[in-house]
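A.B. asks: Predicted model and sequence follow; I will ask about them next.
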Amino acid sequence: MFFKTLATAASLFLGVSTALPQATPGGPLAPEAKFSLMALRSASPVHFASFEAAKSSLFLNLPGQNATCDNGPAEYATFYLQDGGLYLYAASATPQQLYADRSGMGQGKLGYTTGAQPPPRNGERTGFALDENNDLTLGGAGFLACPNSIEGSWSVWVSAGVSQPGGNEGCLGISVRAVEALEPNSCIYTQ
């Protein structure tokens, strides 16, 4: 009986997990790879959560991004790295580039701009990198996820020495893993 229950649970888990972005074994992603981002924080509501982009910010567990995509709605954002900059993937559209404001005022605010829109005064646009495990950092800094954001989602911040940035409470340190998008969906995300 125990083994039958275990087998049923395993098959259910495998069926659910195949709908999520999957880690690709075999080492670091190629420099030109398109990828999704996944939060890692064991025993938390954001463990294995995919990153979504909306309203010029990044979120975890956001019910809907409301992005305009070439291949229908996207359940998670797709990214790529170029010259140390992190971009949202859009095949033919105006680029959307991520920035982080780690100043005392920004406290690690992570967001994105569209086209020629400048970042905030202290916004950093370069320094993003993937390590040998495909974990994302910004100049070696990790990330935080804070609950109670829009539509019950978690907002994502760059660690800037403030454990509860922007007046948030209940923030958690997270690792951010890049997972290759084998069929990337080109999107424009809301501002």
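C.D. replies: All right, it came through fine.

A.B. asks: Low-confidence stretches in the protein?
C.D. replies: Residues of the chain meeting the criterion pLDDT under 70: 1-26, 93.

A.B. asks: From residue 99, how far out is the spatially most central residue of the chain?
C.D. replies: Centroid-nearest residue in the chain: residue 51, 3.3 Å away (criterion: C-alpha atoms, centre = their mean). Using C-beta to C-beta, to the nearest Å, residue 51 is found at 15 Å from residue 99. In short, each C-beta sits where N, CA and C put it, glycine included.

A.B. asks: And the longest strand anywhere in the chain, what's buried?
C.D. replies: Using DSSP state E, we find that the single longest strand of the chain is strand 172-180. Neighbour counts over strand 172-180 (16 or more other C-beta atoms under 10 Å) mark 172, 174, 176-180 as buried.

A.B. asks: Closest one to residue 28 out of these, please.
C.D. replies: Nearest to residue 28 among those: residue 178, at 9.2 Å, using C-beta to C-beta.

A.B. asks: So residue 166 lies in a helix, does it not?
C.D. replies: Yes: Residue 166 sits within a helix when classified using DSSP: H, G, I helix; E, B strand; the rest coil.

A.B. asks: Relative to residue 157, how far out is it?
C.D. replies: From residue 166 to residue 157 the distance is 7 Å (C-beta to C-beta).

A.B. asks: Phi, psi for the residue nearest to residue 28 when sequence neighbours are not counted please.
C.D. replies: Of all residues not flanking residue 28 in the chain, residue 132 sits nearest, at 5.7 Å (C-beta to C-beta, 6 or more residues apart in numbering). Backbone dihedrals for residue 132, given as degrees, to the nearest 10, come out at phi -60, psi -20.
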